[in-house]
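*Asks:* Next come a sequence and a model predicted from it.
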Amino acid sequence: MKSRTYSGLLPGIAAISCISAVTVGYAPTAFAAPNAPSDPLCTITYPTPDDFSVQASSDAFATSVNSGSMELKLHTDSRSQTGYDQKFAVTWANITTGRNGQADTSAFVKGSDNTLSIPGTVTKTGRIALVLSVTNHGTGDNYTYGDCSVEYTVP
């Protein structure tokens, strides 16, 4: 399994931050507590890349590791006995500070118990807008995709 992290100014994240900053001006000042590690941020469903009639699913989780950083995990039920390559990616923006970045990891998934992890994502403390995505590659040119957008608070 490999993991890469990129930080920098991304136009899409900047747009998310700007939109969120406008909304924050009218929102209450209380922030939601971080999700417990047992609560998924979201569930992403998609067809398997080699049998489009079979629906696979992945639950995304976030855990605050240290003050200002988090770990993201993806638990996948691939619904496939032959398996396929899966890429788990995050694009994030700290709504509080404007800091933003991207990270991803990939692995071969097969069966019902697969975990991909993106450790040590340093976001600094605050409200974090996340776009989590899954890309699956089967044989040949067979690809499937899924994503979700959520907010998480890093203490």
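*Replies:* Alright, I've got the coordinates. Only a predicted model underlies this, so the values are computations on that prediction, with no experimental measurement involved. Numbering: from 1, shown residues only.
*Asks:* my read is Leu74 is in a strand, agree?
*Replies:* Yes - membership of Leu74 in a strand is supported by DSSP: H, G, I helix; E, B strand; the rest coil.
*Asks:* how near is it to Val54?
*Replies:* Counting by Cβ to Cβ, to the nearest Å, the gap between Leu74 and Val54 amounts to 18 Å. In short, each C-beta sits where N, CA and C put it, glycine included.
*Asks:* These two: which is more packed in?
*Replies:* When Leu74 and Val54 are compared for neighbours, Leu74 comes out ahead with 25 against 12, by other Cβ atoms under 10 Å.
*Asks:* gap between the more buried one and Thr105?
*Replies:* Following Cβ to Cβ, the distance that separates Leu74 from Thr105 is 8 Å.
*Asks:* Can you tell me the closest non-neighbouring residue to the residue nearest the centre of the chain?
*Replies:* What sits nearest the mean C-alpha location of the chain, by Cα atoms, centre = their mean, is Leu132, with 2.9 Å. Of all residues not flanking Leu132 in the chain, Ala60 sits nearest, at 4.9 Å (Cβ to Cβ, 6 or more residues apart in numbering).
*Asks:* quick one: low-confidence parts of this structure?
*Replies:* Confidence mapping of the chain against pLDDT under 70 gives the ranges 1-38.
*Asks:* Strands of that one, residue ranges please.
*Replies:* Counting by DSSP state E, residue ranges of the strands within the chain are 2-7, 42-47, 55-64, 69-77, 84-94, 100-109, 114-122, 126-137, 143-154.
*Asks:* State whether the residue nearest to the centre of the chain and Trp92 are indeed in contact, as I suppose.
*Replies:* No - here Leu132 does not reach Trp92: they are 9.1 Å apart, not a contact under Cβ atoms under 8 Å.
*Asks:* Which strand residues bridge the residue nearest to Leu132?
*Replies:* Cys42, Leu74 (DSSP bridges).
*Asks:* Contacts only, for it.
*Replies:* Contacts for Ala60 were tallied using Cβ atoms under 8 Å, 6 or more residues apart in numbering; they are 40-44, 72-74, 132, 148, 150.
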